[in-house]
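[1] my questions concern the predicted model and sequence given below.
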Amino acid sequence: KQWYQRRVHGASHRDSINSEHRQRAMIDRYDECTLSLREIYEDKDGQRKEEVAALSGPNEFAEFYSRLKQIKDFHRRHPGEVSVPMSVEFDELKKIRENPGDEVNNMVEFSDEEGHGKFLDLHECYDKFINLKGVDRVDYISYITSLDQLYDISRDRKGGEYRQYLSSLSDYLYGFINRTEAPA
């Protein structure tokens, strides 16, 4: 998917990641609105049915003008309160899509070492690893090449600190994946 987008549209890696996250945000917003509408249409509390009955009864014009008066009173009491239509949200997203290179349009943050999702920055995990008791000190490159070889460390050296190290490593990798690929 990313390869196709970059190849056909000339988008950079950063643009592809931001695009995926924008798509995810739009899908989430769509789901949120759909759920809200579904709850309104299901009318579990019977409020919608009451409103339709009130507006279609014998005094429909009186009811209409009564509600109009309530709306006008509300806006008179709260003059600064403005409802933002959804079209404004989509206009903002369109502006972001048209200017993808702007730093303010980045949907996710990466450290400089991560190269906007191209590389892992395991320095913090490395520091935790070399400070574990009973673990041989290795340089950063050796640490990276042996990162997945958890069985090389004997069981008696895997205590509470080692669990904390694994937890922080797992949290970092999970977070990195979530930042590089929009969650489904």
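    Noted; the coordinates are in hand.
[2] check the residue of the chain most remote from its centre and give its pLDDT.
    What lies farthest from the middle of the chain is residue 58; by CA atoms, centre = their mean that is 49.6 Å. At residue 58, the predicted lDDT confidence score is 80.
[3] in three-state terms, how would it be classified?
    With DSSP: H, G, I helix; E, B strand; the rest coil as the basis, residue 58 sits in coil.
[4] residue 143: what's it in contact with?
    Neighbouring residues of residue 143 by CB atoms under 8 Å, 6 or more residues apart in numbering: 122, 126, 129-130. Quick note: C-beta positions are derived from backbone N, CA and C, even for glycine.
[5] can you do 6 Å?
    residue 126 (CB atoms under 6 Å, 6 or more residues apart in numbering).
[6] give me the element it is part of.
    Using DSSP states H and E, residue 143 falls within helix 140-145.
[7] helix or strand right after that helix?
    The element immediately downstream of helix 140-145 (helix or strand, assigned by DSSP H and E) is helix 160-180.
[8] low-scoring stretches of this protein, by residue?
    Applying pLDDT under 70 to the chain flags residues 1-11, 84, 96-97, 99-107, 154-157, 182-184.
[9] mind doing that once more with 50?
    1-8 (pLDDT under 50).
[10] got the residue ranges for the helices in it?
    With DSSP state H as the criterion, the chain has helices at 2-9, 13-42, 47-55, 60-77, 86-98, 123-130, 140-145, 160-180.
[11] which one, of these, ends up nearest to residue 110?
    Nearest to residue 110 among these is helix 160-180; the distance by CB to CB comes to 6.7 Å.
[12] got the buried residues for the closest one?
    Within helix 160-180, the residues scored as buried using 16 or more other CB atoms under 10 Å are 162, 165, 169, 176, 179-180.
[13] thanks a lot, catch you later.
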